[in-house]
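>>> Quick one: sequence and predicted model below, then my questions.
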Amino acid sequence: MKIERYFRNMRLGIAAAICLAPGALHAAGSVAWISPPDNSTFPVGTVVSPTGIANARGTVGGTGLDLALVLDSSGSMGTGVDTDGDGVNDTTRQELQQQAALALVNALPDFARISVTEFDTNAVLLQGLTPLDAGGRGTTAAAINSVDASGGTNLAAGVNTGRAELVANGAAGSAQRLLLISDGESSSTSATNAAAIAAAAGITVDTVGFPGTDAPTLSAIAAAGGGTFFDFSGNPGDIIAAFAGTGGGTPVGIDSIQITDPLGVTYNVGAGILGNFTAAGFGLALGNNVFSVLANFTDGTSATATLNLIGVGDLPQVPLPASGLLLLASLAGIGAMRRRNRG
C-alpha cells in the first residue's frame with residue numbers, strides 16, 4: 001500500500017538525517033508490552049488483545065502511556081491542502097491536523113492518557129492528562145476541535161507547555177511521549193533546547209511536519225528529544241492512515257513487528273505513528289499464556305519482550321444445542337418406561 005511504501009522510504013532518508021543531526025545520540029531500539037500488566041489474571045476463556053509500543057531510538061516500557069499532543073494553531077494552518085494529488089485543495093492544514101489527531105486518539109488504547117496543547121505566538125494547555133475512556137475520548141476530541149488558526153509559530157512554547165504537564169502529572173511507570181505537529185518554522189535553537197530538557201526528564205519528543213514545514217528544524221527538535229521526525233510535507237494524503245495505524249506500515253526506523261501467541265502462532269502487525277501496536281484477540285487457557293513480540297529495526301538490531309497472562313477458574317462448560325437436550329430427554333423417558341415395564 002502507498003502508506004507502507006512511504007514508511008519504508010522514509011527509513012532511508014529521514015531516519016538517517018536524524019541520527020546524524022548535530023548533538024544527536026542514537027539510542028538502541030526497544031519494545032515493550034504496555035497493557036495488560038504482566039502476570040495479570042483473567043477468567044479462563046477471556047479474549048484479550050494485548051498492546052505494546054516499539055521505538056527505534058529509545059527506551060519504552062512501563063504500565064501505561066502518557067502523551068502530550070502539541071498542535072500548531074498558527075495562522076498558516078488555515079492554508080489549503082491538496083491531499084489526493086488532483087491539483088485542487090480539498091481541505092486545510094488545520095482540518096487535516098484535526099482529523100489526524102482524532103485518528104490517533106481513536107487508535108490509542110483505553111489505558112492511555114492524553115493532554116492537548118495548542119501553540120501559536122504563545123502556548124495554551126487546553127486539556128490536562130485525561131484517560132481515554134468513553135468520556136475522556138469525547139473531551140479530548142472537543143479540545144482538538146477547538147484548535148484555531150491564528151498568530152505566529154512558537155515551537156519552544158508548545159514543547160515547554162506539553163513537557164510541563166507531563167512532568168507535573170505524568171504517572172509513575174508510564175511511558176512519557178510528546179508529539180509536536182507543525183507546518184512552520186520558529187527559533188530552532190530555543191525549540192531544540194526545549195526538546196533536550198524534555199528528554200532529560202524522560203520524555204521522548206517526536207515531531208510531525210505538515211505541508212510548508214521547516215524540515216531541518218523539526219528534525220533537529222526530534223533528535224534533541226530522542227524521538228523521530230515524520231515528514232508529511234510531500235504526501236499529506238497519507239497522514240490520517242499513519243496516525244490511525246491502518247496503513248499497514250511501521251514507523252521510521254522499525255522494519256517489522258512480529259508477535260507470537262501462546263499457541264506458537266506467529267504473525268506480523270502494523271503500528272501507529274507512536275509505534276503502538278495491538279495483538280490479535282486470543283482466548284486465554286488455564287494457567288500461563290505467554291505472548292512474545294520481536295521488533296526488528298532498520299539498523300539491523302532487534303528487541304524482544306514477553307507478556308504472561310494467567311487464566312484462572314474452571315473451564316467454561318459448553319452448552320448443549322437444543323437437539324442435544326431433546327435427545328437426553330428422550331433417553332431419560334425411554335429409561336423410565338423400561339423400568340416400569342420390568343416392574
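In hand now; what should we look at?

>>> to the chain's geometric centre, what's the distance from stretch 169-184?
12 Å (CA atoms, centre = their mean, to the nearest Å).

>>> And for stretch 270-288?
Distance, centroid of stretch 270-288 to centroid of chain: 13 Å (CA atoms, centre = their mean).

>>> Could I get the buried residue list for that stretch?
By 16 or more other CB atoms under 10 Å, the buried positions in stretch 270-288 come out as 270-279, 282, 284. Quick note: C-beta positions are derived from backbone N, CA and C, even for glycine.

>>> quick one: average pLDDT of that stretch?
Mean pLDDT, stretch 270-288: 89.

>>> ok, and the closest non-adjacent residue to residue 258?
Using CB to CB, 6 or more residues apart in numbering and skipping the chain neighbours, the partner closest in space to residue 258 is residue 294 (4.5 Å).

>>> Over to residue 192?
Per CB to CB, 6+ apart, closest to residue 192 is residue 224, 4.6 Å.

>>> same deal with residue 230?
In space, residue 230 is closest to residue 208, 4.8 Å off (CB to CB, 6+ apart).

>>> looking at this, that neighbour is in a strand?
Yes: residue state for residue 208 (DSSP: H, G, I helix; E, B strand; the rest coil) corresponds to a strand.

>>> In contact with it, which residues?
100, 179-182, 218, 229-230, 232, 239, 273 (CB atoms under 8 Å, 6 or more residues apart in numbering).

>>> and if you look at residue 133?
So residue 133 contacts residue 110 (CB under 8 Å, 6+ apart).

>>> Next one: residue 243, what pLDDT does it get?
Listed pLDDT for residue 243 reads 83.

>>> where does the residue nearest to residue 258 land in three-state SS?
Using three-state DSSP, the three-state assignment for residue 294 comes out as strand.

>>> Distance-wise, check it relative to residue 303.
Per CB to CB, to the nearest Å, residue 294 is found 8 Å from residue 303.

>>> Test my guess that the residue nearest to residue 192 contacts residue 190.
No: the pair residue 224 / residue 190 is not scored as a contact, 11.2 Å apart, by CB atoms under 8 Å.

>>> The two: who's more crowded?
Taking neighbours as other CB atoms under 10 Å, residue 224 and residue 190 compare with residue 224 leading, 25 against 15.

>>> any idea of the mean pLDDT for the helix or strand harbouring residue 177?
In this assignment (DSSP states H and E), residue 177 forms part of strand 175-182. The average pLDDT within strand 175-182 is 92.

>>> For that strand, list the C-alpha coordinates in PDB.
Output of strand 175-182 as PDB, limited to C-alpha atoms (Å, rounded to 0.1, in the frame of the first residue of the first chain):
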ATOM      1  CA  ALA A 175       5.900   5.800  29.000                       C
ATOM      2  CA  GLN A 176       6.100   9.600  28.600                       C
ATOM      3  CA  ARG A 177       5.700  10.900  25.000                       C
ATOM      4  CA  LEU A 178       5.300  14.300  23.400                       C
ATOM      5  CA  LEU A 179       4.100  14.600  19.800                       C
ATOM      6  CA  LEU A 180       4.600  18.000  18.200                       C
ATOM      7  CA  ILE A 181       2.800  18.800  14.900                       C
ATOM      8  CA  SER A 182       3.600  21.900  12.900                       C
END
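
>>> ok, then the element right after it?
Strand 175-182 is succeeded, C-terminally, by helix 188-200 (DSSP H and E).

>>> and that next one with strand 175-182, angle?
With axes from the mean of the first three to the mean of the last three CA atoms, to 10 degrees defining the directions, helix 188-200 sits at 160 degrees from strand 175-182.

>>> Now do the buried residues in helix 188-200.
188, 191-199.

>>> Go ahead and produce PDB holding the CA coordinates of it.
Presented in PDB, the C-alpha positions along helix 188-200 are these (Å, rounded to 0.1, in the frame of the first residue of the first chain):
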ATOM      1  CA  SER A 188      15.300  26.400  16.100                       C
ATOM      2  CA  THR A 189      17.800  26.900  18.900                       C
ATOM      3  CA  SER A 190      15.200  27.600  21.600                       C
ATOM      4  CA  ALA A 191      12.900  24.800  20.400                       C
ATOM      5  CA  THR A 192      15.700  22.300  20.300                       C
ATOM      6  CA  ASN A 193      16.800  23.300  23.800                       C
ATOM      7  CA  ALA A 194      13.200  22.700  25.000                       C
ATOM      8  CA  ALA A 195      13.200  19.200  23.500                       C
ATOM      9  CA  ALA A 196      16.500  18.400  25.100                       C
ATOM     10  CA  ILE A 197      15.100  19.500  28.500                       C
ATOM     11  CA  ALA A 198      12.200  17.200  27.900                       C
ATOM     12  CA  ALA A 199      14.400  14.300  27.000                       C
ATOM     13  CA  ALA A 200      16.400  14.800  30.200                       C
END
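
>>> quick one: contacts for residue 199?
205, 224-226.

>>> Could you list the low-confidence segments of the stretch 1-150 of the chain?
Applying pLDDT under 70 to the stretch 1-150 of the chain flags the ranges 1-28, 57-63.
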